[in-house]
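Asker: What would the 3D arrangement of this be:
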Amino acid sequence: MSSRGNAALELNPAPASGRPLSILLLEDSPLDAQLVSAQLEEGGLPATLECVAGRTAFTSALAKGKYDLILSDYNVPGFDGMSALEAAQTVCPDTPFLFVSGALGEDRAIELLKRGATDYVLKDRLERLGPSVRRALREAEGVRLRKRTEEALRRSEERYQLVAHASFDAIWDWDLQSDAMHWIGDATEEVFGFPLEEVDADAAWWRRHIHADDRERVMTGLQRAFDADDDRWQDEYRVLRKDASYAYVAAQGCIVRGASGKARRIVGAMRDITERRRAEEEKQQLVHEAQRRVEFEQQLIGIVSHDLRNPLGAILTGASLMLRREDIQPWHAKAAARILSAAERATRMIRDLLDFTQARMGGGIPVQAEPCDFHALTLQVVEEARTAHPERTILVDQEGDGQGAWDSDRMAQVLSNILGNALKYSPEETPVRVESLSEPDALVVHVRNGGEPIRPDLLPRIFEPLQRGTTVGRSERSIGLGLYIVRQLVLAHGGTVDARSSAAEGTVFTVRLPRLRAGETPSSME
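Answerer: Below is the predicted model of the structure:
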């Protein structure tokens, strides 16, 4: 499955009871899409999953397909979850829409639900996906059933015209003069657990099955509606089921009055909302958990940026001063060089962690485009790499105009990460080639290295966080964030980055960057 196009994943064969679910997934991460697929399969939900990665593919899929369910990441490059939700509601408003995303703040989560999202599942809690999907499908089927019922009721006689106002499942007709209560339909058994023939035909049976803590409130509310000349009544309460459990129900009815205005009859409907109440509690818990996680991440950023960077700065300064002493002993110089190298590596790791955290929290990594000679920037990064790796051969090819506007510090970080990766995963006796080439509206950089190609199973995930190759005979000191941050920085400039690898060609990383104007961001170009 590619993040650049559409793909279909057949999860299981269709069950005997019906066809597989048709699901549209908006997700730019192939790894996350695979995780969603695996979770649905594990949850016993046979489905055909169509994955799309951007605005154009998503709107095209909506126009041509009819889906049982839509799943969407909130943060997709060039497209956001709110826009996806609005597009889906325009084309297929009755299709359940669930967000499957990283951390969401409480305000944002509540806003999404207000705007019509059915539910949301955090990516680090994917075990909740199956129950959420089942619940969404049940609710959608309930909505469709109620719409069909309401349409039929509008064309029926008086009783069914009154029930249309209730639009619930278990239907009842209570004669207030005789206290007789008539229940209609099999839905009564679904609510109470009693077969219809075991339900007494008087209101006393219903009153006995209202939870003791709710009974007085419900009856007081009914009497208030009768006395106030209201024509409608509604309430939520608990009822005792045949298995001795309690179900939450929502009930509402239309009050029929005589010529004197006295209530004579109330006709209504009742629906089991136990799952909805549990879902609301679960959603609230998820919101609180998400908020706590965001607060923790913010605290972590503060700790890393202040409590770790400050002492590392002191170490770097001290080690540098030691190396500048003219009377330093050789073994002291060697120790100071090791300290300096370790501190610089730790500083890079902290920078990567901060960039990673900021990107995953949904804010992206900010860039500021300023006039820049990309060819000169490339030479600077290459010279630094040659100094750090005097034993390696690094070749440079440059063509055309390298002038443009980019964030030079961030672009140096991109080039340094890719070049460092090429040096790390290639034999020492092979050269690494860096090419910066000019196009009319863009600049293209290729970094080529020889050696063993990247494994086919790893190549599609190479830009995902915590993905690393293997280096024979070397200790691995990377935390696996370098290429992920490369991709985030390139995307922040409105560019693209990809990699290809084969035994014949070696490994080639390609970065394509549009030529921005000073102070311009990719969003301002749209």
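Asker: Leu240 touches Asp214, doesn't it?
Answerer: No. Taking contacts as C-beta atoms under 8 Å, Leu240 lies outside contact range of Asp214: 10.6 Å. In this view, the C-beta of every residue, glycine as well, is placed from N, C-alpha and C.
Asker: what separates Arg276 from Gln252, distance-wise?
Answerer: According to C-beta to C-beta, to the nearest Å, Arg276 stands 15 Å off from Gln252.
Asker: just Ile273 next, same as before
Answerer: For Ile273 relative to Gln252 (C-beta to C-beta), the value is 12 Å.
Asker: do the same with Arg264
Answerer: According to C-beta to C-beta, Arg264 and Gln252 sit 18 Å apart.
Asker: Contact partners for the most centrally placed residue in the chain?
Answerer: Centroid-nearest residue in the chain: Ser101, 1.1 Å away (criterion: C-alpha atoms, centre = their mean). Going by C-beta atoms under 8 Å, 6 or more residues apart in numbering, Ser101 touches 72-75, 81, 120-123.
Asker: Could you do His389 as well?
Answerer: Going by C-beta under 8 Å, 6+ apart, His389 touches Leu423.
Asker: Relative to Gly420, how far out is it?
Answerer: 9 Å.
Asker: Glu275 too?
Answerer: 52 Å.
Asker: got it, and Pro195?
Answerer: Plainly put, Pro195 is 73 Å away from Gly420 if you go by C-beta to C-beta.
Asker: Likewise for Gln177?
Answerer: Counting by C-beta to C-beta, the gap from Gln177 to Gly420 is 87 Å.
Asker: Which one's more surrounded, the two?
Answerer: The residue with more neighbours, out of Gln177 and Gly420, is Gly420; 18 against 10, by other C-beta atoms under 10 Å.
Asker: Please enumerate residues in contact with the helix or strand that contains that one?
Answerer: Using DSSP states H and E, Gly420 maps to helix 408-424. Residues from elsewhere that reach helix 408-424 (C-beta under 8 Å, 6+ apart): 351, 365, 367, 370, 372, 374, 377-378, 380-382, 384-385, 389, 392, 394, 432, 434, 445, 447-449, 471, 474, 478, 482-483, 485-486, 489-490, 492-493, 507, 509, 511, 513.
Asker: Adjacent strands (with direction) for the helix or strand following it?
Answerer: The helix or strand immediately downstream of helix 408-424 is strand 432-438, counting by DSSP H and E. Strand pairing for strand 432-438, determined by DSSP bridges: strand 394-399 (parallel), strand 442-449 (antiparallel).
Asker: How far does strand 432-438 sit from its chain's centre?
Answerer: Mean-position distance between strand 432-438 and its chain equals 36 Å (C-alpha atoms, centre = their mean, to the nearest Å).
Asker: By neighbour count, which bits of stretch 493-513 are buried? Give me those.
Answerer: Within stretch 493-513, the residues that count as buried by 16 or more other C-beta atoms under 10 Å are 493-499, 501, 506-513.
Asker: tell me the average confidence for the host helix or strand of Arg134?
Answerer: Using DSSP H and E, Arg134 maps to helix 129-154. When pLDDT is averaged over helix 129-154, the result is 82.
Asker: just checking, what packs against that helix?
Answerer: helix 30-42, strand 69-72, strand 97-101, strand 119-122, helix 158-163, helix 274-302 (3 or more C-beta pairs under 8 Å, 6 or more residues apart in numbering; DSSP states H and E).
Asker: partner strands of whatever helix or strand comes next after the second one, parallel or antiparallel?
Answerer: Tracing the chain C-terminally past strand 69-72 and defining elements by DSSP H and E, one meets strand 75-76 next. According to DSSP bridges, the neighbouring strands of strand 75-76, each with its direction, are strand 79-80 (antiparallel).
Asker: how far out from the middle of the chain is the partner strand?
Answerer: On C-alpha atoms, centre = their mean, the centre of strand 79-80 falls 11 Å from the chain's centre.
Asker: same question, stretch 378-393
Answerer: Chain-centre distance of stretch 378-393: 40 Å, with C-alpha atoms, centre = their mean.
Asker: Now do the buried residues in it.
Answerer: Using 16+ other C-beta under 10 Å as the burial criterion, the residues of stretch 378-393 that qualify are 378-379, 381-382, 385, 389, 392.
Asker: Could you single out the nearest of those to His288?
Answerer: Val381 (45.2 Å; C-beta to C-beta).
Asker: Nearest residue to that closest one in space, please, no chain neighbours.
Answerer: Nearest non-adjacent residue to Val381, counting by C-beta to C-beta, 6 or more residues apart in numbering: Leu415, 4.4 Å away.
Asker: So for the one you found, what pLDDT did the model give?
Answerer: According to the per-residue confidence, Leu415 scores 92 in pLDDT.
Asker: what about it, neighbour count?
Answerer: Using other C-beta under 10 Å, Leu415 has 24 other residues around it.
Asker: Compare the strands paired with strand 432-438 and give me the one nearest Met219.
Answerer: Evaluated over the strands paired with strand 432-438, closeness to Met219 peaks at strand 442-449, with 73.9 Å, by C-beta to C-beta.
Asker: model confidence over that closest one, on average?
Answerer: Averaging pLDDT along strand 442-449 yields 95.
Asker: next one: it to chain centre, how far?
Answerer: On C-alpha atoms, centre = their mean, the centre of strand 442-449 falls 32 Å from that of its chain.
Asker: Walk me through which strands the longest strand seen in the chain pairs with, and which way each runs.
Answerer: The strand spanning the most residues in the chain, taking DSSP state E as the definition, is strand 246-257. In the sheet, strand 246-257 lines up against strand 232-240 (antiparallel), strand 263-272 (antiparallel) (DSSP bridges).
Asker: Give me whichever of these is most buried.
Answerer: Highest mean neighbour count among the strands paired with strand 246-257 (mean count of other C-beta atoms under 10 Å): strand 263-272, with a mean of 22.
Asker: for it, the distance to its chain's centre please.
Answerer: Here strand 263-272 is found 42 Å from its chain centre; the criterion is C-alpha atoms, centre = their mean.
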